[in-house]
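A.B. asks: Here's a sequence, model it:
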Amino acid sequence: MNVIRVFVFVFVIFANNIYSQNRATQEVVAETSKLKKAVDTKNESAEADSYYNIGETFYNNGNFSKSEEYFIKSKNIYEKLNDKQNLEKVTRKLAQSQENQNKLKSAVSNYEKASNIGYSKSKKVLNANDASRLSSPMMENKAEAIQNNIDISRKENEKGDLAAGYSQMAEVNAEQKNIPKAEENFNNAYNISKENAPQQALIINQRLTDFYLENKDFDKAIKAKKSVLKEDFVKDNSQQKVEQIQELADIYIKKNDPEEAIVLLKNAYDIALSKGHTLEAQKSVKKLDSLYAISENVAASVELYRDFLGKLPNLVSKDRSLVDNKILEDTEQRIVQLEQERKLKDELIRKKNIFNYSLIVALVILSALVFFIFRTLKKVQIKNKKIALQSLRREMNPHFIFNSLNSVNQFIATNNELEANQYLTKFSKLMRGVMENSSEDLIPFQQELDLLQNYLALEKTRFTDKFDYEIVVDENLNQQNLLIPGMMVQPFLENAIWHGLRYRTQKGLLKLKFEKSNGNLKISVEDNGIGIEESKKQKTIHQKNRESRGMKNTLERIRLLNDLYKKEIVCSIKDSSNGVLVEIKYKL
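C.D. replies: Coordinates of the predicted model:
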């Protein structure tokens, strides 16, 4: 007998350890599929919703520790998303789960948090009342908070909260030894719950029967348990039916009516065998064995265990709840795996982002460094060009001064003191203008025109019988605002006089013209001297070997001005029918 008993219980306990009891496998499996999709698509809101729904499934089936676990996961995501409506809802549910596990300190904290979120005014008051109910030591304060919640829940037609309120009020009534009121409120809670939350109704019914048993009112306890056996949600669920029959049998045992208890337990055993509920069948066998032991009916115990042992393999094989629970266990493992995969992906993304950001920062720094170097080089180049331009401009002055002093020297050598004085007066005026404009790359057109007029007047004084000159300025030119490079035209005038006109036997003509043409300033210097080729022939060997500094500097200045100011200055020198024509185009 003992060997059979030990074998049976070891086998069933082994099954019980592998497959924990659960009634919500399909709901959890379905919600896990949604959870996987949410994780794959990085939809955090849907992920939080799935965790909440899984937690609520466990909560409705009385597995409060599991519901707490999933409500916490859901709450953390809603906090991250700052979704106050759902955060308030899940925080309240978390508090209720903790309260059902007697974690009162945590429950009070979460009720207060839900109240502080305050998305819904009614829920704000409900949560504040619940926090007050759990934290207050005074029964009167508890009763007041509960009654407030009952009134709010009735007004808002919140059946779940209303049933919970009646159940809580019944507990307070029981503490106050107000049996009629406690009974009334337990029944109110039961009647509301059985329509919408059968599992909650069963918990309330069990609390009602416990209340009757505490007060030794066995008949009312039996009546309450028999009434629940008539409910459709029990009759249609064979597992629930077996459990309720077993609880009814326990009441008869406490009433000291073992015969009725044995009848009920045999009925529960038969239903469990026929419907494939291994654990429920095992519980019935264990209770029957205890009753047979009291009555010393060993033969009945042996027969019961032999029967159970013979039917056990077939019973386990068709027990759907065991399969479902295995699926549920695998599903929970899958949820853990999904969370680990998400953490791994998040870590990989984090590391990738760090690498990308580091690379971007490095590229930005490198780009900034390259830009700084390029800008510095550009500034150095511009500065060098300006220095070169200034140097060339200053080279023009000594060259021009040297030629002018030669002219003065010639006047003195010929004892022409009056003309030498007049020449020096004009020369000093010209030099003052040259010096004033020597510090700027671009000077007003009128200043340059005055300088050229002074220069030609000087050269005319020196070569009176060699040439005449005329200056033509286009009336369409805006002389007041126009800026041009200083001393750019003078070297061409000098060349025309010194290498063309002075070799003529008859008096020549030098024309200087400024005109506006297609958005350009066109400057032309035309002479009817001996021309370029004839001038080369008449040069001495020393003159041929000596390169013209003035012309070279001018062309170099034009190149630098184009680089620095993008003026697009174009210069052309060519023989004309009567001499040499120099044309300079300058973009306005």
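A.B. asks: Wait, a strand at Arg502?
C.D. replies: No. Per DSSP: H, G, I helix; E, B strand; the rest coil, Arg502 lies outside any strand segment and is helix.
A.B. asks: That one: how many residues sit nearby?
C.D. replies: 16 (other C-beta atoms under 10 Å). Heads up, the C-betas are built off the backbone N, CA and C, glycines and all.
A.B. asks: Check the one 10 residues further on too.
C.D. replies: Per other C-beta under 10 Å, the neighbour tally for Leu512 reads 23.
A.B. asks: Enumerate every residue touching it.
C.D. replies: Contacts for Leu512 (C-beta atoms under 8 Å, 6 or more residues apart in numbering) come out as Leu452, Leu456, Tyr469, Glu470, Ile471, Val472, Val489, Leu493, Ile523, Ser524, Val525.
A.B. asks: does the nearest residue to the fourth one once chain neighbours are set aside count as helix, strand or coil?
C.D. replies: If I follow you right, that is Glu470. Closest residue to Glu470 apart from its sequence neighbours, by C-beta to C-beta, 6 or more residues apart in numbering: Lys511 at 5.6 Å. Secondary structure, three-state DSSP: Lys511 is strand.
A.B. asks: before we move on, what about the one 4 residues further on?
C.D. replies: At Glu515, secondary structure determined by three-state DSSP is strand.
A.B. asks: Repeat that for Ser577.
C.D. replies: coil.
A.B. asks: Tell me the spacing between the residue nearest to Ser238 when sequence neighbours are not counted and Asp232.
C.D. replies: The spatial neighbour of Ser238 that comes closest, neighbours along the chain excluded (C-beta to C-beta, 6+ apart), is Lys275 at 4.1 Å. Using C-beta to C-beta, to the nearest Å, we find Lys275 at a distance of 17 Å from Asp232.
A.B. asks: Rebuild the contacts of Leu512 as TSV, extending it with pLDDT.
C.D. replies: Shown next, in TSV, are the contacts of Leu512 (pLDDT from 0 to 100):
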residue	pLDDT
Leu452	87
Leu456	88
Tyr469	92
Glu470	92
Ile471	93
Val472	92
Val489	87
Leu493	87
Ile523	91
Ser524	92
Val525	91
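A.B. asks: Out of those residues, flag the one nearest to Val580.
C.D. replies: Val525 (8.1 Å; C-beta to C-beta).
A.B. asks: that's a strand at that closest one, yeah?
C.D. replies: Yes. Membership of Val525 in a strand is supported by three-state DSSP.
A.B. asks: now Ile573, what's its secondary structure?
C.D. replies: Following three-state DSSP, Ile573 is assigned to strand.
A.B. asks: Excluding sequence neighbours, find me the nearest residue to it.
C.D. replies: Ile573 sits nearest to Val582 (C-beta to C-beta, 6+ apart), 5.2 Å away.
A.B. asks: so where does that neighbour fall, helix or strand?
C.D. replies: Remark: Val582 resides in strand 580-587, with elements defined by DSSP states H and E.
A.B. asks: Tell me where this protein has strands.
C.D. replies: Along the chain, counting by DSSP state E, strands occupy 442-444, 467-473, 483-485, 508-517, 520-527, 570-575, 580-587.
A.B. asks: Please name whichever of the ones you listed is nearest to Met169.
C.D. replies: Using C-beta to C-beta, the strands of the chain put strand 580-587 closest to Met169, at 96.6 Å.
A.B. asks: Specify the angle between that closest one and strand 508-517 in degrees.
C.D. replies: The directions of strand 580-587 and strand 508-517 differ by 20 degrees, with axes from the mean of the first three to the mean of the last three C-alpha atoms, to 10 degrees as the criterion.
A.B. asks: Numbering from 16 from now on, please.
C.D. replies: Yep, numbering from 16; the last one is strand 595-602 now.
A.B. asks: Can you list the strands that strand 595-602 pairs with?
C.D. replies: In the sheet, strand 595-602 lines up against strand 535-542 (antiparallel), strand 585-590 (antiparallel) (DSSP bridges).
A.B. asks: which residues are contacting the longest one?
C.D. replies: Contact partners of strand 535-542, identified using C-beta under 8 Å, 6+ apart, comprise 482, 492, 497, 499, 504, 507-508, 511-512, 515-516, 523-531, 591, 594-603.
A.B. asks: Centre of the chain to it, how far?
C.D. replies: 65 Å (C-alpha atoms, centre = their mean, to the nearest Å).
A.B. asks: Just want the angle from that strand to strand 482-488.
C.D. replies: Using the same axes, to 10 degrees: strand 535-542 against strand 482-488 is 170 degrees.
A.B. asks: Also the last one?
C.D. replies: Orientation of strand 585-590 against strand 482-488 (the same axes, to 10 degrees) gives an angle of 150 degrees.
A.B. asks: Show me what strand 585-590 is in contact with.
C.D. replies: Counting by C-beta under 8 Å, 6+ apart, the neighbours of strand 585-590 from elsewhere in the structure are Phe507, Gly546, Ile547, Glu548, Leu570, Ile573, Val595, Leu596, Val597, Glu598, Ile599, Lys600.
A.B. asks: What are the boundaries of the helices in the stretch 416-565 of the chain?
C.D. replies: 432-452, 460-477, 505-514, 547-553, 556-560, 564-580 (DSSP state H, counting those that start in this stretch).
A.B. asks: Quickly compare those helices and say which is most buried.
C.D. replies: By mean neighbour count, with neighbours taken as mean count of other C-beta atoms under 10 Å, helix 505-514 ranks first of the helices of the stretch 416-565 of the chain at a mean of 22.
A.B. asks: Show me what that helix is packed against.
C.D. replies: Counting by 3 or more C-beta pairs under 8 Å, 6 or more residues apart in numbering; DSSP states H and E, the packing neighbours recorded for helix 505-514 are helix 335-428, helix 460-477, strand 523-532, strand 535-542, helix 564-580, strand 595-602.
A.B. asks: got the angle for that helix vs strand 482-488?
C.D. replies: Using the same axes, to 10 degrees: helix 505-514 against strand 482-488 is 160 degrees.
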